[in-house]
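**Q** Got a predicted model here, sequence first, then my questions.
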Amino acid sequence: MNLRSMIVPVAALAVAFSFGCRRTETESSSTRTTSAPATTTTTTNEGVTTTTGNTAVGQGNTVTTGTPQGGSTPLVESDQKFLRKAVEGSLTEISSARHVVQAGSNPEVKSYANELLTDHTKAHEELQKLAQQKGMNLPAEITGDQKDTVHDMTKLAGAQLDKKYAKEMVDDHEKDVKEFRDAAKDVKDPDLRAWAQKQIPILENHLTKAKLLEKKIK
């Protein structure tokens, strides 16, 4: 076989090999650039679908403040007013109770304050969750007369604090019981109304105990 006849088959093999490599690279490139279709995950929490607004990486449940979740109807103005007042009331009770637990002297008063701290902290957490569902912004701190009340109480300690706290809790809870009874009838939103109804026996219990304490430490 002469040299010319050998060159032709070799050249043909080279062309075939080059074409096969280019085809493999094309298929591989196509595979690499093909991405899975985007998916949207909807997270539900106790039957309420969370509407994600500004989603941060790594967060499975981002709540958009100001937007009602799960198709909830926004609260009417009177309901919003009650909710905000209830939040400020809880914050006031929590702040006062913490100070009495630390600075009070009467064991019964301190025990009562610790009970209120537990109950109002739970109520406040429930309100925060409810407000998120309704798309409401809650006040982060107490203001006005309630702020002054807490400030005045933090100046006291010992027996003076015990006496002041017992009297304040009688006055506060007499108002609270009345307001919550009215809310249980007048609030339009069914979720907020149910929450108000649930708080009434708790507040009545707080009032009864506060009256007994006030009599004991006069």
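**A** Received the coordinates, thanks.
**Q** what's the nearest residue to Ala103 if we skip its chain neighbours?
**A** Closest residue to Ala103 apart from its sequence neighbours, by Cβ to Cβ, 6 or more residues apart in numbering: Ala157 at 4.2 Å. Bear in mind the C-beta positions are built from the backbone N, C-alpha and C, glycine included.
**Q** any idea how far the one you found is from Gly104?
**A** 8 Å (Cβ to Cβ, to the nearest Å).
**Q** Look at the two and report which has more neighbours.
**A** More neighbours surround Gly104 than the other of Ala157 and Gly104, with 26 against 15 (other Cβ atoms under 10 Å).
**Q** Let me know the pLDDT of the residue nearest to the more buried one when sequence neighbours are not counted.
**A** Leaving aside its sequence neighbours, Gly104 sits nearest to Lys110 (Cβ to Cβ, 6+ apart; 4.7 Å). Lys110 carries a pLDDT value of 97.
**Q** Contacts only, for Lys110.
**A** Val100, Val101, Gly104 (Cβ atoms under 8 Å, 6 or more residues apart in numbering).
**Q** Number of residues surrounding the second one?
**A** One way to gauge burial is a neighbour count; for Val101, by other Cβ under 10 Å, it gives 16.
**Q** for this protein, what spans make up the helices?
**A** 3-33, 77-103, 107-134, 144-154, 158-186, 190-216 (DSSP state H).
**Q** of all the ones you listed, which gets the most neighbours per residue?
**A** Most buried of the helices of the chain by mean neighbour count (mean count of other Cβ atoms under 10 Å) is helix 77-103; its value is a mean of 19.
**Q** Which strands or helices does that one pack on?
**A** helix 107-134, helix 144-154, helix 158-186, helix 190-216 (3 or more Cβ pairs under 8 Å, 6 or more residues apart in numbering; DSSP states H and E).
**Q** hmm, back to that, got the contacts of Lys110 as a markdown table, with distance to Asp182 and pLDDT columns?
**A** Converted to a markdown table, the contacts of Lys110 look like this (distance: Cβ to Cβ, whole Å; pLDDT from 0 to 100):
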| residue | distance to Asp182 | pLDDT |
| --- | --- | --- |
| Val100 | 28 | 97 |
| Val101 | 31 | 97 |
| Gly104 | 32 | 97 |
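**Q** possible to save those residues as a markdown table with distance to Val170?
**A** Below are the contacts of Lys110 laid out as a markdown table (distance: Cβ to Cβ, whole Å):
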| residue | distance to Val170 |
| --- | --- |
| Val100 | 14 |
| Val101 | 19 |
| Gly104 | 16 |
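**Q** And those residues, which is closest to Lys178?
**A** Distance to Lys178 across the contacts of Lys110 (Cβ to Cβ) is lowest for Val100, with 23.7 Å.
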